[in-house]
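Asker: here is a sequence with its predicted model. Questions after.
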Protein chains: 2
Amino acid sequence: MTEHLEASAGVRRTSMTLADGREIIYFDDSEPYRSGARIRDVVDQRPLVGRPVAGMMRLDALTGEWVSIADHRQDRTFLPPADECPLCPSGGGTMPSEIPAHEYDVVVFENRFPSFASQPLGAGGSSGAGGHAADTPGVNPLLANAPALGRCEVVCFTSDHDASFSSLSVERARTVVDVWADRTRELSAMDGVEHVFCFENRGQEIGVTLHHPHGQIYAYPFVPARSASLLRQATEHHQRSGRLLGGDLLAAELEAGSRVVIKGTYWTAYVPYAARWPVEVHLAPNRDVPDLVALRSEERDELAEVYLDLLRRLDSYYEGPDGSPIEMPYIAGWHQAPVHQGREVSRLHLQAMSVLRAPGRLKYLAGSESGAGAWINDVTPERVAARLREVG
Amino acid sequence: MTEHLEASAGVRRTSMTLADGREIIYFDDSEPYRSGARIRDVVDQRPLVGRPVAGMMRLDALTGEWVSIADHRQDRTFLPPADECPLCPSGGGTMPSEIPAHEYDVVVFENRFPSFASQPLGAGGSSGAGGHAADTPGVNPLLANAPALGRCEVVCFTSDHDASFSSLSVERARTVVDVWADRTRELSAMDGVEHVFCFENRGQEIGVTLHHPHGQIYAYPFVPARSASLLRQATEHHQRSGRLLGGDLLAAELEAGSRVVIKGTYWTAYVPYAARWPVEVHLAPNRDVPDLVALRSEERDELAEVYLDLLRRLDSYYEGPDGSPIEMPYIAGWHQAPVHQGREVSRLHLQAMSVLRAPGRLKYLAGSESGAGAWINDVTPERVAARLREVG
């Protein structure tokens, strides 16, 4: 199943199936695959059986939030020896890599131990995606659960194990933008999916154990808590003013100027006024768009450039004692409009943040943040923005 | 200024002033101070000047949450050498300890580098506690700020540097309960305080650098995000059912039974149905009470016992390779009714949680949790409860 991506004639998309039935999708932006001179035909020969099944999610009645209880992930047998990276191309052998091909550009596959999966567990759960045990007679509505239906995908940005997103070429970053948009479009169309979140965790400081450059995409069967909070505020602002909160906030930041880091034709990067992380940057399109799918070609082109610029600034932000730059650990995630709710008031933006508050010193989310939900930030956003402008 | 605590005739309370004007309160539960045979009279002789002033808090328009930008805390000059603990008694000398006394039982003092303080910064801020810059003409309402008015206190549980809360005597734990109640009552009465949060951070894994056993109390000038979320759900439940969510949830847990850890006359400890941390326990009174202040003497007595029991179970939860117990890092915080809002629907409970998901392995709050706000827990609450019952 090969096709060219809508938005980018330069990328060929080939969907295949792994040994256990999971989907793997190659996004080729280089020859000989891009033009179809050669086709993706390496078959996964591992003795895997059974597509991953959905675990359970439970409703936290105290907060109204769903928590995925991914107990089945404890059985992760697939922990490769340190010298065998599961995200490197394996070349069709029986090595424990997730990617059968000999080589790839960008590849996406379903997570083998997902927090959300499209296959319900045989007998488990209650009344379908998003359904409450509350609907089942005799079950206490305060102890509601549902199968954790959805999908979790891994996105490998390059087959080069030692690269990082910030070291990708602009062309490759452009491909990743198309991939995010492609996955958002497809996952949004899946039954029961309410929110699609594309993100990258980078660095041991936030628990990353696979160093191969990769991101993840979660398709949730609900609107997650932070997204719900963004939606609530955006809806309120829209009802009050008839305008988009995201757009008004961008205008306010542009007017203030002191926290703006990058000003592009189509994109603006700024440290938010009330940043809660020691390093936090938002990247927003200058035009009102709900999600990555809605981005035009020229916006995607500039996004590739601006995002690389931003990541490189993050990697120059701190210096070691000898003046050498320190790789910034970060979480970078795309806040998109939920799939069905409040699309008309939501506005796309990326949030990149780091727990590193000084070289070798982390911010911990302790009592005030984790217990009460009140954030304390010891660094002024204007200072962070000044440093990010300086290292550009 | 000495007085006996309302709820406990066995504790003498003496309020004094540190060199820079901060309040320090001794809670004496042992002789010769308890009976007044000797009185607290050691004066702080350090050359400190000026009470701490409030920094700024900013409104995060995207989420509607206040973030304290505690930039002034960066100037913490008061970092004692490793061998000089600021929480040990200093005996009135010029050593850099915060406690002038030669010895103490429990002591509370205002944090020297607080995230919230009762003294506004000379010229800063906008329109008073909780006020928005929105009220100031010409200022963009999306970039609102206010002085971070409130109070942050440190509670030392014992003068024994090497102890821990779990190693306290029942009598001492009982004193701490009275201290929490006393502080909640006093701080709630302060102008502008909307929420009082008593908590303890324990363990290097969550960033604790002072090992002397101590907790903290934050008096916020707003209802923090998690508390607001609890309040929202409790209000909704009350409107729907005329009942307290906390009470109904406790009844549901008692009926289910599988997650109950300790069943006392006045208190129940249970792992919540939708626990989000790898180890999480809630401790709730069997009677509907809004906050610690409302606890009766017999409830406080049992709380001291049950809480110690719970903490000791946490310290026996994991074992090292040689079978020796591993000290559990934890955050333990009291969710109380907000000071002014929704007191009639709120119900007191303690939330204790740990990031340790196996010996030497931490749970990280990465993309899904920190970015989207969707929690994934790899451990089933029933399994955690079974282990906590086992180690009792």
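Answerer: Perfect, I can see it now.

Asker: low-confidence regions, chain A specifically.
Answerer: A:1-9, A:72-83, A:92-95, A:121-138 (pLDDT under 70).

Asker: quick one, domains of it?
Answerer: Per the record, chain A has its domains at A:2-222, A:226-390, by automatic domain parsing.

Asker: closest to B:Val108 out of these?
Answerer: Smallest distance to B:Val108 across the domains of chain A (CB to CB): 15.8 Å, for domain A:226-390. Just so you know, the C-beta spots here come from the backbone N, C-alpha and C atoms, and that holds for glycine as well.

Asker: so which strand or helix has A:Glu153?
Answerer: Using DSSP states H and E, A:Glu153 falls within strand A:151-156.

Asker: now for that strand, which elements pack on it?
Answerer: Judged by 3 or more CB pairs under 8 Å, 6 or more residues apart in numbering or on different chains; DSSP states H and E, the packing partners of strand A:151-156 are strand A:106-110, helix A:170-188, strand A:214-220.

Asker: Throw those into JSON lines and include distance to B:Met190, thanks.
Answerer: Converted to JSON lines, the helices and strands packed on strand A:151-156 look like this (distance: least, CB to CB, whole Å):
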{"stretch": "strand A:106-110", "distance to B:Met190": "54"}
{"stretch": "helix A:170-188", "distance to B:Met190": "48"}
{"stretch": "strand A:214-220", "distance to B:Met190": "41"}
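
Asker: out of those, which comes closest to A:Gly371?
Answerer: Of all the helices and strands packed on strand A:151-156, strand A:214-220 comes closest under CB to CB, at 24.7 Å.

Asker: which residues sit against that closest one?
Answerer: A:87, A:108, A:111, A:115-116, A:150-157, A:165, A:176, A:180, A:183-184, A:187-188, A:190, A:193-201, B:367-368, B:372, B:374 (CB atoms under 8 Å, 6 or more residues apart in numbering or on different chains).

Asker: how about stretch A:30-41?
Answerer: By CB under 8 Å, 6+ apart, stretch A:30-41 touches A:2, A:10-12, A:14, A:16, A:26, A:28, A:101, A:105.

Asker: beta-bridge partners for the nearest residue to A:Leu310 once chain neighbours are set aside, please?
Answerer: The shortest distance from A:Leu310 to any non-neighbouring residue, by CB to CB, 6 or more residues apart in numbering or on different chains, is to A:Ala269 (5.4 Å). Applying DSSP bridges to A:Ala269 yields these beta-bridge partners: A:Ile262, A:Leu283.

Asker: okay, now A:Ala269: neighbour count?
Answerer: Using other CB atoms under 10 Å in any protein chain shown, A:Ala269 is surrounded by 26 other residues.

Asker: so which bits of the stretch 1-150 of chain A are right by chain B?
Answerer: Residues of the stretch 1-150 of chain A found near chain B (CB under 8 Å from any CB of the partner chain) are A:58-71, A:73-74, A:115, A:140, A:142-143.

Asker: before we move on, the earlier item: mind listing what the strand holding A:Glu153 pairs with, with the direction of each?
Answerer: By DSSP bridges, strand A:151-156 pairs with strand A:106-110 (antiparallel), strand A:214-220 (antiparallel).

Asker: with mean neighbour count as extra columns, can I get the ones you listed in JSON lines?
Answerer: Shown next, in JSON lines, are the strands paired with strand A:151-156 (neighbours: other CB atoms under 10 Å in any protein chain shown):
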{"stretch": "strand A:106-110", "mean neighbour count": "24"}
{"stretch": "strand A:214-220", "mean neighbour count": "25"}
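
Asker: would TSV of the ones you listed with distance to A:Ser227 be doable?
Answerer: Output for those, formatted as TSV (distance: least, CB to CB, whole Å):
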stretch	distance to A:Ser227
strand A:106-110	22
strand A:214-220	8
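
Asker: so which of those strands is nearest B:Gly246?
Answerer: Nearest of the strands paired with strand A:151-156 (CB to CB): strand A:214-220, 27.5 Å.

Asker: pull out the buried residues from the helix or strand following the closest one.
Answerer: Using DSSP H and E, the helix or strand that directly follows strand A:214-220 along the chain is helix A:225-241. Within helix A:225-241, the residues scored as buried using 16 or more other CB atoms under 10 Å in any protein chain shown are A:225-231, A:233-235, A:237-238.
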